[in-house]
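K.L.:
sequence below, structure please.
(one chain, ligands or ions: 1)
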Amino acid sequence: MSRILLIIGGGIAAYKSCELVRLLRKRGHAVRCVLTEGALHFVTPMTLAALSEDRVYSSLWDLKDEHEMGHIQLSRKADLVVIAPATADLLARMAGGHADDLATTVLLATDKPVLAAPAMNVRMWLHPATRRNVERLRADGVRVMDPDEGAMACGEWGPGRLPEPEAIATEIERVLAQPLPVRPLSTRHALVTAGPTHEPIDPVRYLANLSSGRQGFAIAGALAALGAKVTLVAGPVVLPTPAGVDRIDVTTAREMAAAVEAALPADVAVMVAAVADWRVEPAAHKTKKGDASLTLGLIENPDILAALARSPDRPRLVIGFAAETERVIEHAVAKRARKGVDWIVANDVSGDVMGGDANAVHLVTSDGVEDWPRLPKEAVAAQLADRIAAALNA
Ligand code: CTP
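P.N.:
Residues are numbered from 1 along each chain as shown. Here you go, the predicted structure:
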């Protein structure tokens, strides 16, 4: 027997939720219903209370309910949260992280798997706003079923009908049978830097390097997938933010240093960024070709990683990357000692690593050097995230 919290949205398909409750009870599950304000116009709490043989909840502002159960408890006491019908408005509010009624508050507070069975007019389902919201929710880990196709209550034809209660009940049991995702970093804060930095020479020119940010973004995503709260300080790159990651965009090394400091404390820091080692004093105006006297006076940038490793707020695990083009291991071992970090992930960047899809790295720790095979950057990220989780939970 599983405990299902069923959230009923305000659409004509809400009447089918009564049948869903009956089916789930028949299959031996406990069902507790939460109705939105809109749902109250389509089905009555009396019907659902009788079918579910339990109390029905609909208001965030019911003193008695809030005292006895509370919206946090409602979400915690379930094995699975199901939304049927999930209306366009409910999906939009979920995607935006709203918590302006009992249903959305429960959905924001839950740590349980969430399954949504959408139902709405075909135009609403196909609208770019709904497409965006569904994509966002799926990226956030919500299982959104595809609606059925057919004749609709509004007289139109197409996708948007609530899947049949039998199909929703089967999907519910399929989700319940899946093992819960492992989230060994759920109480940890991870700080990641990624990408290059740009150091201005004048208003239209800058010093840069070939870093694409892909390895760092993949690591931020892999840490978030293990449940960590992730702050990603990103240099100038064109990459989408991985799901569940808080991103802070910066341009120069000094901005990156300030953002890293502001993001502390953290349990682990993975400094993947290819920080420019030097900056110049930028000219106030565009330098002209005729300025024959132009020389770039290089000024050393702060070493973000070394400063972090020595800071009073030092994360428990500090990991640096080493980009080398020769004597990779030797330089990486020396860099680990010089910068005072726990692990160095060393890679040979003389080939196509910067900007490429794959990476062959060596993990340098106090125990020695491990040579990892050449792997897609996502696989390097997942493997490193697993190692971080093992080290922090040891
Ligand atoms: N790093 C940093 N701040 C800098 C330079 C580098 O935080 N100003 C970090 C990088 O994010 C990486 C590590 O230091 O994690 C190593 O960077 P790398 O460029 O390989 O080393 P350098 O410090 O530049 O040392 P060297 O010039 O000897 O190669």
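K.L.:
what sits up against stretch 30-37?
P.N.:
Contact partners of stretch 30-37, identified using CB atoms under 8 Å, 6 or more residues apart in numbering, comprise 1-10, 17, 21, 24-25, 43, 45, 48-49, 51-52, 54-58, 74, 77-78, 90, 101-103, 106. Glycine gets a C-beta too; all of them are placed from N, C-alpha and C.
K.L.:
what subset of those residues is buried?
P.N.:
2, 4-10, 17, 21, 24-25, 43, 48, 51-52, 56-58, 74, 78, 90, 101-103, 106 (16 or more other CB atoms under 10 Å).
K.L.:
filter those down to the ones in helices?
P.N.:
Cross-referencing those against helices under DSSP state H gives 17, 21, 24-25, 48, 51-52, 74, 90, 102-103, 106.
K.L.:
for the protein, which helix or strand comes out least confident on mean pLDDT?
P.N.:
helix 63-68 (a mean of 75; mean pLDDT, DSSP states H and E).
K.L.:
centre of the chain to that one, how far?
P.N.:
Offset of helix 63-68 from its chain centre (CA atoms, centre = their mean, to the nearest Å): 33 Å.
K.L.:
just the C-alpha atoms of it, please, in CSV.
P.N.:
Coordinates of each C-alpha in helix 63-68 appear next as CSV, following Å, rounded to 0.1, in the frame of the first residue of the first chain:
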residue,chain,number,x,y,z
LEU,A,63,-6.6,27.3,11.0
LYS,A,64,-7.8,23.9,12.1
ASP,A,65,-6.3,22.1,9.1
GLU,A,66,-3.0,24.0,9.4
HIS,A,67,-2.8,23.3,13.2
GLU,A,68,-3.6,19.6,12.8
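K.L.:
pull the most distant pair out of the ones in helices among the buried ones among the contacts of stretch 30-37.
P.N.:
Farthest pair in those (CB to CB) is 25 and 90. Separation: 23.5 Å.
K.L.:
who in the protein is up against the ligand?
P.N.:
193, 253, 271, 273, 275, 277, 301, 303-305, 320-323 (CB under 6 Å from any ligand atom).
K.L.:
which one of those has the most neighbours?
P.N.:
Highest neighbour count within these: residue 193, with 33 neighbours (other CB atoms under 10 Å).
K.L.:
which one of the residues of the chain next to the ligand is nearest to residue 241?
P.N.:
Distances from residue 241 to these, taken by CB to CB, are shortest for residue 193, at 14.4 Å.
K.L.:
beta-bridge partners for that closest one, please?
P.N.:
residue 233, residue 271 (DSSP bridges).
K.L.:
kindly report the same for residue 207.
P.N.:
Applying DSSP bridges, one finds that residue 207 bridges with residue 199.
K.L.:
just the pLDDT at it, thanks.
P.N.:
On pLDDT, residue 207 comes in at 97.
K.L.:
residue 111 too?
P.N.:
85.
K.L.:
how about the ones in helices among the buried ones among the contacts of stretch 30-37 in TSV, adding pLDDT?
P.N.:
Formatted as TSV, these follow (pLDDT from 0 to 100):
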residue	pLDDT
17	98
21	98
24	98
25	98
48	98
51	98
52	98
74	88
90	98
102	95
103	96
106	94
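K.L.:
separation between residue 59 and residue 103?
P.N.:
Counting by CB to CB, to the nearest Å, the gap from residue 59 to residue 103 is 10 Å.
K.L.:
report the central residue of the protein.
P.N.:
residue 244 (1.5 Å; CA atoms, centre = their mean).
K.L.:
pLDDT value on residue 182, please?
P.N.:
78.
K.L.:
also the one 3 residues further on?
P.N.:
Reading off the confidence values, residue 185 has pLDDT 95.
K.L.:
and the residues of the chain next to the ligand, which is the shakiest by pLDDT?
P.N.:
For the residues of the chain next to the ligand, the pLDDT minimum is residue 323, 89.
K.L.:
that one: which element?
P.N.:
Assigned by DSSP states H and E, residue 323 belongs to strand 317-324.
K.L.:
name the helices or strands packed onto the next helix-or-strand element following that strand?
P.N.:
For strand 317-324, the following helix or strand on the C-terminal side (DSSP H and E) is helix 328-339. Counting contacts by 3 or more CB pairs under 8 Å, 6 or more residues apart in numbering; DSSP states H and E, helix 328-339 is packed against helix 304-310, strand 317-324, strand 343-348, strand 361-365, strand 368-371.
K.L.:
partners of the third one, with directions?
P.N.:
When pairing is defined by DSSP bridges, strand 343-348 lines up against strand 317-324 (parallel), strand 361-365 (antiparallel).
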